[in-house]
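J.: this one's sequence-less:
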């Protein structure tokens with residue numbers, strides 16, 4: 001930052017209708033004396049939820065499909081976390097099993 005001082009960047013994503021309210025909170029709760037804002041847009045792929053069965057239980061997976069037909073598959077973290085705790089296994093083990101099950105079920109369709 002100015003004069004080699006350390007700085008922190010805080011980013012808040014919100015609707016335009018909430019901007020002034022949240023700006024007031026940031027200005028009153030931090031040492032900031034001003035802030036910048038700008039509109040942001042995003043592109044979102046169409047997506048659907050599926051359920052897959054793993055040795056640890058059922059996990060929801062989010063499947064997003066690009067225009068060229070490729071699928072991006074992401075197991076739901078909270079499902080994986082819950083099943084990991086129930087089965088006393090690492091979350092990544094449940095996550096990997098869910099991903100493998102989702103990839104396997106996609107090939108059969």
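T.: That came in fine, so what should we check first? As the structure is a prediction and not an experimental result, all values here were calculated from the model.
J.: switch to C-alpha atoms for all contacts and neighbour counts from now on
T.: Will do.
J.: hey, where'd the helices end up in this structure?
T.: In the chain, helices defined by DSSP state H lie at 19-29, 77-87, 91-107, listed in chain order.
J.: between those, which one is closest to residue 44.
T.: Shortest distance between residue 44 and the helices of the chain, using Cα to Cα, is found for helix 77-87: 19.8 Å.
J.: contacting residues for residue 34?
T.: residue 27 (Cα atoms under 8 Å, 6 or more residues apart in numbering).
J.: kindly report the same for residue 59.
T.: In this structure, residue 59 makes contact with 51, 52, 53, 75, 76, 79, 80, 98, judged by Cα under 8 Å, 6+ apart.
J.: most neighbours out of those residues, which is it?
T.: Among those, the one with the most neighbours (other Cα atoms under 10 Å) is residue 98, at 29 neighbours.
J.: quick one, what contacts that one?
T.: Residue 98 makes contact with 52, 53, 54, 59, 61, 75 under the criterion Cα under 8 Å, 6+ apart.
J.: so which of those sit within strands?
T.: For these, membership in strands holds for 52, 53, 54, 59, 61, 75, with DSSP state E as the criterion.
J.: returning to that earlier point: I'd like the contacts of residue 98 as a markdown table, with pLDDT and distance to residue 14 appended.
T.: Rendered in a markdown table, the data for the contacts of residue 98 read as follows (pLDDT from 0 to 100; distance: Cα to Cα, whole Å):
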| residue | pLDDT | distance to residue 14 |
| --- | --- | --- |
| 52 | 97 | 33 |
| 53 | 97 | 36 |
| 54 | 97 | 37 |
| 59 | 98 | 30 |
| 61 | 98 | 26 |
| 75 | 98 | 26 |
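J.: ok so, going back, let's have the ones in strands among the contacts of residue 98 in a markdown table, adding distance to residue 6.
T.: Converted to a markdown table, the ones in strands among the contacts of residue 98 look like this (distance: Cα to Cα, whole Å):
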| residue | distance to residue 6 |
| --- | --- |
| 52 | 47 |
| 53 | 49 |
| 54 | 47 |
| 59 | 43 |
| 61 | 41 |
| 75 | 38 |
